[in-house]
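**Q** Next comes the sequence, and after it the predicted model I'd like to discuss.
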Amino acid sequence: MLEQIAAVTGMNLRALPQRAGTSWVIVIGIAVTVAVLVSVLAMALGFRQTLAHTGRADRAIVLRGGSQAELSSTISRENTLTIMDAPAVKKDSDGKPIASAEAVTIVALPQKKTGTAANVTLRGVGAKAFALRPEIRLVAGRMFRPAVREVIVGRAAQAQFQGLELGSHIAFRDSDWTVVGVFDSGGDAHESELMGDVETVLSAFRRNLFQSVTVLLESPQAFERFKDALTTNPTLSVDVLREPAYYAEQSKQLDKLLNFLAYGVGGIMAIGAIFGALNTLYSAVAARSLEIATLRAIGFGALPVVISVFVEALLLSLLGGVLGAALAWLFFNGNTVNTLGANFTQVVFHLTVSPGLLAWGIVWACTIGVIGGLFPAIRAARLPVAAALRAA
Amino acid sequence: MKFLPLVFAALARRKARSLFTWLAILAAFLLFGMLQGVNSAFDQAIERANVNRLIVTSNIALTEPLPYSYLSQIEAVPGVARVAHATWFGAYYQDPKNFVFAFPIDATREFEVFPERKVPPDQLQALIHTRTGAIIGAELARKYGWKIGDRVPLHSTIWTKADDGNSDWTFDIVGIYENPSDRSQENIFFFNYDYFDEARAFGKGTVGWYTVQVKDPRQSAQVAAAIDRLFANSPNETKTQTEKEFQQSFLKQIGDINFIVTRILFAVFFALLFATGSTMMQSVRERIPELAVLKTLGFTDGGVLLLVLGESALLCLAAAAAGLALAWLLFPLLKDTLGVVQMPLPVMIEGLAVAGTLALITGLPPALRAKRLSIVEALAGR
Amino acid sequence: MSAIVSLRKVSKRYQRGKQTVEVLHELDLEIAPGDFVALMGPSGSGKTTLLNLIGGLDRPTSGAIEVAGSRIDRLTGAALARWRARHIGFVFQFYNLMPMLSAARNVELPLLLTRLSRAQRQQHVAAALQLAGIADRARHKPAELSGGQAQRVAIARALVADPTLLVCDEPTGDLDRKSADEILQLLQELNRSQGKTIVLVTHDQKAADYASHILHLDKGQLVEAAAQAA
């Protein structure tokens, strides 16, 4: 049986170049589908990764109860102190809690790419912010000084917006702010932000309410203890989240949209590709009908014929899948995309065409091939031998 | 047309192949309709935006409030007809998933500056005289089954109340407005600014933004500049744009949708070209003897060319029309995800034009082959 | 009576690679109106070529061809096609019907090139089918017809536009004896009762016997055989 299968399949594949024209239909149809699917999923993956990076299991963020996002949250100064003094917060060598009460505001700056203004986050951070976030490293310039209108800018923000070079001045809130440093934070969401001293930011924006408190926990397991202490405190009405959970929540909307786009568009394209595959494979079977009938008449079983059709289908779709995945990788991997994130500000992320996505694209391709090959394979198996021989 | 049965017979020769190609084209144009529809709907939203209205926001950012005192100052600027204001409330109803576009406004001003929103005068009066009153859009009323007289609680993600410190605000529905010229805008919840400002715990005396109706749209740019000049160098500098510019810049931030959509559609078209072209070539190749016979009957070379073009046209246009129609039917489903309501008609027309191009490109090579075939050789070739 | 088909010094040469092959050499031929002529000859003698020339499917390399009053050696392209539609009805060995059209629609095809209304076209089709003795199969597709029936439909199609000349290339070549005889009888009947001029190419003597005249073609030259009384 195996020899039969090998023989029939071998014959079929050798004859494939004769059907090159129609075979390309499958390859291209699937390549295009996989390319689109993989690219859009790469966007989603890149976005998720950016946001996921922006969080550690042993950090927690506290917002006002029911606020959902930093921007709409308000926390009084007293409350920030209460929160920072809660149990399970890691203390620094000076005995003070490693935590940062922060205020975020949005400023509009012109983008490098388009020249039009877009929103970027200015985050006022507390003194311990950098002990809290060791992933933030200065790569140029120096740290801002407290009580002075100085900011450091994230690398991604600098790449995206005009006027964020070292030493340049940004004017808002009737004063000048100077860019004194550039930081890198491993490509997470904070890298698209500007950071300054929270007290300076608050006073400049005439505010006296903070918006969030981020703390470093003694350990990831200490989260529950921290949370309970805060939620049982009658003077506080807060939401306590692990950082990764918070950022995951923030990205949910866009993530949903991107997945919808990927599978919606990819799905429709896949259906189109299936029809293209059906066409090609049906016509392949028709072209081979004499050959198949002769083989059957000689004594070959139906199974080798069926398998030969499936092998053809899989081979062509694999080719298409690899081509599509390669195109996606070539054109998109590493590209930066920026779009509206949470907080109404721009988030920059890198498209990541991961090996996992490439594999998924190929799986998608082969699935299309198998579905497209099913009916033609059945047709090949049920070919009426005598009629086919007579028609020759 | 009397030649239709003949063209149809050509396609019917290989039913499966014609059907599959037809379905592939349908799928491609379904995609075209949806994607280009979204693209175009966003463009249309911008087009529809009023040019005789200006939006005044804080120059620093969208989310910074402006002082209420600016209202009378803006009104005094020459060229200004009427001024309204609104503030972002950030509300949901019962569940965070049920987002509601709610805004505290000045009743009289709001409906004057936005005359396209129609509300019966007595209901407007009711809002003015009911402190906790609210006028809601017809679509919103339908969605949650709210009626005049209902008490509706909304949770604000931003604003807490001064008296009890929580963020649950309760309103009484006193009116329902409609927007006949744009049904996608019937989902807003308007309530009284006075109540809001007095009851909120912080931010008193400020508004989110002002909407200015200008007397003469041709003066929009000058009036906008005048307003910004008025507040230049103050702690709350303003940025005044026409409604249209405002929408455009917002959409720009979402990213270059146009770019992505165009790229995807190009890729799809390319693949489709291949698939349809292959079908047409095969079809004509198989029918060479038949086409020769038609020529013996007296069909001219040109006539036979037209028949083949007719075949590709029937295939492409019919399938494209079906795909576009399906897209038109499914389009309203995107309402919740993207906020667009109806597939714009120009997209249909554009789609058919693309289909025509497809038909021409895939039909012309085999049509030329048919035109040029020599009767004698074709018949002898059997 | 002037001839309805008149060939004078007609030659046909083909280019085959580097060689030039002459299929017909300075042929002269006249066919009278209402005549039923059979063209016979061995394979490769050029009889199909001659038929194609008479029917306006091909053009001579040299010489004059006049059919139904027109010098068709001077017509090309669309003019030739129009002339063909008006004057010639073809019957082929393999029927050459459109497989996806019904018999009636197949017969209607030549009429699509005229300005007749739908109702008029249907009238003519019905008449032609009747004449060919196949009216009962009007709605059938060619796949559902026997060889003889299909050929009748082909004959109906050849007749429907009332052509000047019926040109038949081995019309019984694919049929069994019985069907062949029926077809030939039909042709004979059309010739006698309708006065249709028929030119028939065949290698079958029995078929040729149905004609009034037999012409032999050999190596591109014509040799006339004795006129037959049918």
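**A** Looks like it arrived, so ask away.
**Q** Nearest spatial neighbour of A:Leu358, chain-adjacent residues omitted?
**A** Sequence neighbours aside, A:Ala325 is the residue nearest to A:Leu358 in space, at 4.6 Å (criterion: CB to CB, 6 or more residues apart in numbering or on different chains). Backbone N, C-alpha and C define where each C-beta goes, glycine included.
**Q** correction: B:Gly208
**A** With sequence-adjacent residues excluded and distances taken as CB to CB, 6+ apart, B:Gly208 is closest to B:Thr87, at 3.7 Å.
**Q** Let me know the distance separating the residue nearest the centre of chain C from chain A.
**A** The structure's chain C has its C-alpha centroid closest to C:Val167; by CA atoms, centre = their mean the separation is 1.2 Å. As judged by CB to the nearest CB, to the nearest Å, C:Val167 and chain A stand 29 Å apart.
**Q** My read is that that residue contacts C:His87, right?
**A** No - contact criterion CB atoms under 8 Å: C:Val167 and C:His87 do not qualify, at 9.9 Å.
**Q** what about the helices in the chain?
**A** Unless you meant another one, I'm taking chain A. With DSSP state H as the definition, chain A shows helices at residue ranges A:2-15, A:20-53, A:77-84, A:129-132, A:155-160, A:198-204, A:223-231, A:243-287, A:289-298, A:302-332, A:355-381, A:385-391.
**Q** could you do chain C instead?
**A** C:47-54, C:77-87, C:103-108, C:118-131, C:147-159, C:177-193, C:205-208.
**Q** By proximity to chain C, which residue of the stretch 201-350 of chain A wins?
**A** Among all residues of the stretch 201-350 of chain A, A:Ala286 sits closest to chain C, at 15.1 Å; criterion: CB to the nearest CB.
**Q** Dump the helices of chain C to a markdown table, plus mean pLDDT.
**A** As requested, these are arranged in a markdown table below (pLDDT from 0 to 100):
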| stretch | mean pLDDT |
| --- | --- |
| helix C:47-54 | 88 |
| helix C:77-87 | 88 |
| helix C:103-108 | 92 |
| helix C:118-131 | 92 |
| helix C:147-159 | 91 |
| helix C:177-193 | 89 |
| helix C:205-208 | 87 |
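**Q** Select, out of those, the one closest to chain B.
**A** Closest of the helices of chain C to chain B is helix C:77-87, at 2.3 Å (criterion: CB to the nearest CB).
**Q** Send me the closest one as PDB with only the CA atoms.
**A** Extracted in PDB, the C-alpha atoms of helix C:77-87 (Å, rounded to 0.1, in the frame of the first residue of the first chain):
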ATOM      1  CA  GLY C  77     -12.700  40.200 -41.500                       C
ATOM      2  CA  ALA C  78     -16.100  41.400 -40.500                       C
ATOM      3  CA  ALA C  79     -17.400  41.700 -44.100                       C
ATOM      4  CA  LEU C  80     -16.600  38.000 -44.700                       C
ATOM      5  CA  ALA C  81     -18.200  37.100 -41.400                       C
ATOM      6  CA  ARG C  82     -21.300  38.900 -42.300                       C
ATOM      7  CA  TRP C  83     -21.400  37.400 -45.700                       C
ATOM      8  CA  ARG C  84     -21.000  33.900 -44.200                       C
ATOM      9  CA  ALA C  85     -23.800  34.500 -41.800                       C
ATOM     10  CA  ARG C  86     -26.100  35.400 -44.600                       C
ATOM     11  CA  HIS C  87     -25.200  32.900 -47.200                       C
END
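**Q** Give the buried residues for that helix.
**A** Within helix C:77-87, the residues that count as buried by 16 or more other CB atoms under 10 Å in any protein chain shown are C:Leu80, C:Ala81, C:Trp83, C:Arg84, C:Ala85, C:Arg86, C:His87.
**Q** so which of those residues comes closest to B:Lys204?
**A** Using CB to CB, the shortest approach to B:Lys204 within the buried residues of helix C:77-87 belongs to C:Ala81, at 89.2 Å.
**Q** In contact with the closest one, which residues?
**A** Contacts for C:Ala81 (CB atoms under 8 Å, 6 or more residues apart in numbering or on different chains) come out as B:Lys295, B:Gly298, B:Phe299, B:Thr300, B:Asp301, B:Gly303.
**Q** coming back round to it: so for B:Gly37, which of the helices of chain A sits nearest?
**A** Closest among those, using CB to CB: helix A:243-287, at 12.8 Å.
**Q** does chain B sit close to the closest one?
**A** Yes - using CB under 8 Å from any CB of the partner chain, helix A:243-287 reaches chain B at A:257, A:260, A:264-265, A:268-269, A:271-273, A:275-276, A:278-280, A:282-283.
**Q** follow-up on the earlier one: which pLDDT value belongs to the residue of the stretch 201-350 of chain A closest to chain C?
**A** A:Ala286 is assigned a predicted lDDT (pLDDT) of 82.
**Q** Near it, how many other residues are there?
**A** A:Ala286 sits with 18 neighbouring residues when counted by other CB atoms under 10 Å in any protein chain shown.
**Q** For the lengthiest helix in chain B, name the packing helices and strands.
**A** For chain B, the longest helix by residue count, based on DSSP H, is helix B:15-48. Helix B:15-48 is packed against helix A:243-287, helix B:243-254, helix B:257-286, helix B:301-330, helix B:345-372, with contacts defined by 3 or more CB pairs under 8 Å, 6 or more residues apart in numbering or on different chains; DSSP states H and E.
**Q** How much space separates B:Asn187 from B:Trp146?
**A** Going from B:Asn187 to B:Trp146 by CB to CB, to the nearest Å gives 12 Å.
**Q** Pull up the overlap in contacts between the two.
**A** Both B:Asn187 and B:Trp146 are in contact with B:Leu140, where contact means CB under 8 Å, 6+ apart.
**Q** so what's A:Gln49 up against?
**A** Applying CB under 8 Å, 6+ apart, we find A:Gln49 in contact with A:Gly187, A:Phe349, A:His350, A:Thr352.
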